[in-house]
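> fold the following for me, if possible:
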Amino acid sequence: MFPSLSAPIVLLCLSISFGCVASQDKPNIIMILADDQGWGDVGYNPFKYQSPTYQYNWTFNPPRTPNLDAMATSPHSILFHRFYAGSGVCSPTRSAMLTGRTPVRECIDGAEGCGTQPAWSCLDKMPLPPGPFTVGEAAKKAGYATLFIGKWHLGDFFFKGGKRTEFAYNKWPVSNPGMHGFDEWHATEASAPSSTTNCGCDKAWWEASPGCITGGGDWQNKAYTCTNYWFPLDLDANHKPSRPECRNEFNGTNILAHDCVGNLTEKIEGDDSEYLMDLLEDFVTRKLSNESQPFLAFVWLHTNHEPHPSLPNFYHNYTDAFGDPAGDYLGTLTQMDVQIGRLRQMLVDKGIKNNTILWYTADNGPHSQQRDQNKYNGLSATNGLRQCKASLYEGGIRVPGLLEWPSLIQQNSATWHPAYVADYLPTILELLGVPEENPSWIKDGMSLLPLIKSLAANPAANDTSMRPTENPLVFSLGGQMAIIDNNIKIVKNPEVGQCDKEPGFHGDGIFLFDLDIDPTESYDLSKDPKYADIFSNMTARMNAFSQSLTYSRINESKCQAPGPTPGPSPSPSPPAPPHGAAFQLQKGSQCLTLSHANPATPTRQKVVLGSCSDPNSVFENSTSYKILVSSTTKECVKVDLDDYKGMACHSGVPVWTGACQANYNAYSFDAAHGTIRYVQQCLGPMCLLVNSTSAITGSCEVGDAQGFELIPSTIGIN
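Sure thing, here's the model as predicted:
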């Protein structure tokens with residue numbers, strides 16, 4: 001059992017995580033995910049972006065969210081002004097939040113279908129594969145009890161006997177929270193109403209007084225379709241799984257309703273968020289008593305996804321900026337906010353607030369139809385960011401981001417440091433000291449723990465620290481794609497999303513924006529000569545990112561049927577040799593080679609300029625743009641980031657050999673252009689130079705970076 005806040009506190013030095021802090025063993029972790037909540041759908045956000053390109057001055061009209069406001073301004077919190085979802089729609093963000101990877105790597109290519117349809121009537125076509133390591137699995141390895149409650153939207157809970165054309169679905173027809181690290185779970189497969197959630201599951205429930213809530217601020221004798229909660233039937237008396245066959249995603253055809261999983265048979269009388277907090281409180285109470293254990297709880301709320309009918313007392317709770325009732329949109333957000341306040345107070349009452357980490361964010365931007373009387377009501381839901389849910393413009397992906405951690409944070413900070421849900425997994429892995437189970441897999445997120453510790457030690461009301469350029473935010477959704485490197489954003493084929501098209505919209509094509517000077521993404525810089533190098537570099541990064549997705553789907557998560565993997569785009573003459581072919585990189589009469597190289601163990605050998613007759617001057621080509629020392633040793637020519645952490649885009653960093661990572665941001669090189677360029681480029685082009693005899697990084701405009709010739713080798717592969 002955890003001691004109360006009034007009990008003596010033991011100093012515990014956790015060198016692998018957050019240093020020496022006042023701690024009660026391992027911290028509890030609660031991760032809240034709201035649904036379809038815009039960056040402006042909170043009371044605490046003071047930033048209001050108007051743009052002349054909108055040809056309209058929208059009216060500021062936030063909901064009343066006093067509890068989220070209190071969390072944002074708490075002395076124990078960090079407010080992220082630039083926190084991002086994992087995509088413009090819900091299922092992909094949920095995948096990214098669990099796996100730390102952009103969701104297309106797991107074949108979560110868009111939002112699952114089904115909506116509020118009964119679970120047994122619809123097949124969810126995109127299951128979360130069993131291979132990726134999740135936050136839930138990491139917490140279990142660290143000895144945590146794990147709970148998932150709310151909206152899942154990452155696969156079917158039980159086998160429904162159907163067939164689809166999707167490779168992943170037919171491979172894993174069942175994918176429920178219990179298969180991804182959550183011992184206890186109580187969830188809906190997809191969306192659900194914000195009030196009287198399952199009222200449509202029994203005719204007697206909507207015919208009897210008071211009926212159901214279906215919008216408009218009144219109780220009605222009608223209901224939405226039967227959306228219901230499901231839960232595992234394999235838990236023992238200690239709430240631990242007891243039937244492994246019910247947790248095996250490869251056993252999907254044998255995981256049946258009312259055998260491995262059951263459904264709720266009682267009516268949810270009021271607010272869905274309140275119902276979820278009831279479940280959470282019961283779980284926390286048990287873990288603090290006879291089941292004493294630190295816990296991880298995922299709380300994925302249904303609010304504010306449509307349908308979002310608010311209870312009458314919230315529908316009429318206040319008037320908005322136009323003099324109208326709060327209504328179903330704003331009223332439901334306030335209704336949910338009450339439960340955030342209840343949760344924060346519960347942690348105080350149970351004596352665990354100090355040792356509990358509380359995260360809050362949303363799965364994507366708003367679906368803002370009927371929000372208010374603004375002509376473009378997506379703007380009031382995003383505080384002026386462009387577009388909304390389903391778009392990779394800022395309005396579709398920038399969302400609320402809050403962290404409260406009383407045992408570490410003693411003074412409030414607010415930061416513009418870009419971060420997103422893919423950062424959760426690496427942050428928790430570092431915090432708990434748990435190794436990644438798939439260390440060679442491509443990673444997209446990065447740990448936020450160094451940033452959090454830095455702000456805890458040196459609080460800042462307006463932190464403008466930058467994210468390492470080698471860890472950009474990456475997004476792919478349908479035909480859209482985007483990469484954000486601090487203030488620079490490139491976006492391909494952005495879509496309108498689920499709101500009206502706002503004037504100034506850029507559609508098909510590839511566009512470049514500087515978010516520091518243009519947060520509304522109104523002025524495309526892709527043709528601006530001053531940004532020519534940046535646009536070229538960002539385009540190269542996008543191409544490499546796109547190629548890496550197919551690799552991940554086939555070779556890592558194995559959610560896509562094996563097939564020919566696309567090679568690199570055609571290069572200027574001379575063409576890159578085919579995969580596995582031997583070649584040399586000659587400059588004048590000398591070639592790049594390895595110093596003191598042992599062909600059997602080439603790890604961390606220095607790259608130098610030497611004799612072309614040296615057997616170590618022969619390399620191999622890789623389909624992922626990398627220069628291989630040898631396909632048998634899996635070593636590549638790359639930047640020495642072991643001794644030069646955070647300096648990948650600096651000049652003068654040595655070039656060594658190291659492990660080939662199937663990763664577009666591994667800072668390997670492309671040797672097919674006369675200059676030897678980074679695959680993952682910085683804001684200015686970076687190339688391999690030869691200084692005296694050693695290879696180092698530097699500007700591609702320096703003479704020593706030019707004049708390399710890629711030639712077929714006549715002396716065989718190492």
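> need the contact partners of stretch 137-145.
With CB atoms under 8 Å, 6 or more residues apart in numbering as the test, stretch 137-145 has contacts from 26, 29, 146, 180-181, 183-184, 239, 283, 287, 291, 293-296, 425, 428-429, 432-434, 437. C-beta: built from backbone N, CA, C; applies to glycine.
> so of those, which ones are in strands?
Among these, DSSP state E puts 29, 146, 184, 295, 296 in strands.
> buried subset of the contacts of stretch 137-145?
26, 29, 146, 180-181, 183-184, 239, 283, 287, 293-296, 425, 428-429, 432, 434 (16 or more other CB atoms under 10 Å).
> tell me where the chain has helices.
66-73, 90-99, 135-141, 167-171, 203-207, 272-287, 312-315, 327-349, 377-382, 394-397, 424-432, 449-457, 532-551 (DSSP state H).
> what packs against the first one?
Spelled out, it's helix 66-73. Contact here means 3 or more CB pairs under 8 Å, 6 or more residues apart in numbering; DSSP states H and E; on that basis helix 66-73 packs against strand 77-80, helix 327-349, strand 356-362, strand 401-404.
> quick one, the second one and helix 66-73 angle?
So the one you mean is helix 327-349. Inter-element angle recorded for helix 327-349 and helix 66-73: 60 degrees (by axes from the mean of the first three to the mean of the last three CA atoms, to 10 degrees).
> what is helix 327-349 packed up against?
strand 28-34, helix 66-73, helix 272-287, helix 312-315, strand 356-362.
> from residue 307, how far out is residue 652?
Taking CB to CB, to the nearest Å as the measure, residue 652 falls 59 Å from residue 307.
> neighbour count winner among these two?
Neighbour totals were compared for residue 652 and residue 307, and residue 307 leads with 19 against 11 (other CB atoms under 10 Å).
> residue contacts, that one?
With contacts defined as CB under 8 Å, 6+ apart, residue 307 is in contact with 116, 193, 194, 214, 215, 224.
> how does it look with 10 Å?
By CB atoms under 10 Å, 6 or more residues apart in numbering, the residues touching residue 307 are 115-116, 191-195, 213-215, 224, 227, 328, 332.
> check residue 475 too.
Per CB under 10 Å, 6+ apart, neighbours of residue 475: 84-88, 92, 96, 102-104, 392, 396-397, 420, 422, 444, 481-484, 489, 491-492, 545.
> looking at the sheet around it, what are its partners?
residue 482 (DSSP bridges).
> any idea how far it is from residue 384?
Going from residue 475 to residue 384 by CB to CB gives 20 Å.
> tell me where the model's unsure across the stretch 551-700 of the chain.
Residues of the stretch 551-700 of the chain that meet the criterion pLDDT under 70 lie in 563-581, 596-603, 621-626, 630-634, 641-649, 660-668, 670-673, 679-685.
> which parts of it are strands?
Using DSSP state E, counting those that start in this stretch, the strands of the stretch 551-700 of the chain run over residues 582-587, 590-594, 607-610, 619-621, 627-630, 635-639, 655-659, 669-670, 677-678, 686-691, 694-699.
> taking strand 686-691 as reference, get the angle to the last one.
Between the axis of strand 694-699 and that of strand 686-691 there is an angle of 140 degrees, by the same axes, to 10 degrees.
> mind exporting the C-alpha coordinates of strand 694-699 to PDB?
Provided in PDB are the C-alpha atoms of strand 694-699 (Å, rounded to 0.1, in the frame of the first residue of the first chain):
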ATOM      1  CA  SER A 694      39.300  11.900 -42.000                       C
ATOM      2  CA  ALA A 695      35.600  12.000 -43.000                       C
ATOM      3  CA  ILE A 696      33.500  14.600 -41.100                       C
ATOM      4  CA  THR A 697      30.200  16.400 -41.600                       C
ATOM      5  CA  GLY A 698      29.900  19.800 -43.200                       C
ATOM      6  CA  SER A 699      28.200  22.000 -45.700                       C
END
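> which helices and strands sit right next to that strand?
strand 607-610, strand 635-639, strand 655-659, strand 686-691 (3 or more CB pairs under 10 Å, 6 or more residues apart in numbering; DSSP states H and E).
> just name the most buried of these.
Neighbour counts (mean count of other CB atoms under 10 Å) averaged over each of the helices and strands packed on strand 694-699 peak at strand 635-639, with a mean of 25.
> run the chain-centre distance for it.
Counting by CA atoms, centre = their mean, to the nearest Å, strand 635-639 is centred 28 Å from the centre of its parent chain.
> which residue is the nearest non-sequential neighbour of residue 67?
Closest residue in space to residue 67, ignoring its immediate chain neighbours: residue 341 at 3.3 Å, by CB to CB, 6 or more residues apart in numbering.
> now do that neighbour against residue 190, distance only.
Going from residue 341 to residue 190 by CB to CB gives 27 Å.
> out of those two, which sits in the more crowded spot?
The neighbour comparison of residue 341 against residue 190 (other CB under 10 Å) goes to residue 190, with 24 against 15.
> ok, the more buried one - contacts?
By CB under 10 Å, 6+ apart, residue 190 lies in contact with 90-91, 111-117, 119, 122, 124, 151-154, 227, 302, 305.
> next, it: phi, psi?
Phi and psi for residue 190, reported as degrees, to the nearest 10, are phi -140, psi -140.
> isn't residue 441 right up against residue 131?
Yes - at 8.6 Å, residue 441 counts as touching residue 131 under the criterion of CB atoms under 10 Å.
> who touches both of those two?
99, 556, 557.
> what's the neighbour count on the second one?
Around residue 556 sit 20 other residues, with neighbours defined as other CB under 10 Å.
> low-confidence ranges in this protein?
1-24, 563-581, 596-603, 621-626, 630-634, 641-649, 660-668, 670-673, 679-685, 713-718.
> one more time with 50
1-24, 565-579, 623-625, 662-666, 716-718 (pLDDT under 50).
> who are the contact partners of the residue nearest to residue 108 when sequence neighbours are not counted?
Leaving aside its sequence neighbours, residue 108 sits nearest to residue 95 (CB to CB, 6+ apart; 4.2 Å). Residues in contact with residue 95 (CB under 10 Å, 6+ apart) are 86-87, 101-108, 126, 128-129, 132, 134, 153-154, 421-422, 557.
> just the buried ones from the residues you listed?
Buried among those (16+ other CB under 10 Å): 86-87, 101-108, 126, 128-129, 132, 134, 153-154, 421-422, 557.
> so the nearest residue to residue 305 once chain neighbours are set aside versus residue 173, what's the distance?
Closest residue in space to residue 305, ignoring its immediate chain neighbours: residue 35 at 4.0 Å, by CB to CB, 6+ apart. Computed with CB to CB, the distance linking residue 35 and residue 173 is 25 Å.
> need the contacts of residue 307 in TSV with neighbour count and distance to residue 686, can you?
As requested, the contacts of residue 307 are exported to TSV (neighbours: other CB atoms under 10 Å; distance: CB to CB, whole Å):
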residue	neighbour count	distance to residue 686
115	16	47
116	21	50
191	24	45
192	26	49
193	28	52
194	30	50
195	33	55
213	28	58
214	21	58
215	20	55
224	23	55
227	28	52
328	26	52
332	30	49
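> CSV for the residues you listed, including distance to residue 467?
Formatted as CSV, the contacts of residue 307 follow (distance: CB to CB, whole Å):
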residue, distance to residue 467
115, 35
116, 37
191, 32
192, 35
193, 38
194, 34
195, 39
213, 42
214, 44
215, 41
224, 41
227, 38
328, 37
332, 33
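> of the residues you listed, just say which sits nearest to residue 507.
Nearest to residue 507 among the contacts of residue 307: residue 115, at 27.1 Å, using CB to CB.
> thought that closest one was touching residue 151?
No - shown here, residue 115 and residue 151 do not form a contact pair, counting by CB under 10 Å, at 11.3 Å.
> find residues that contact each of the two.
What both residue 115 and residue 151 touch, as defined by CB under 10 Å, 6+ apart, is the set 190, 191, 192, 227, 305.
> what is the nearest of the residues you listed to residue 324?
Nearest to residue 324 out of the shared contacts of residue 115 and residue 151 is residue 305 (CB to CB; 21.5 Å).
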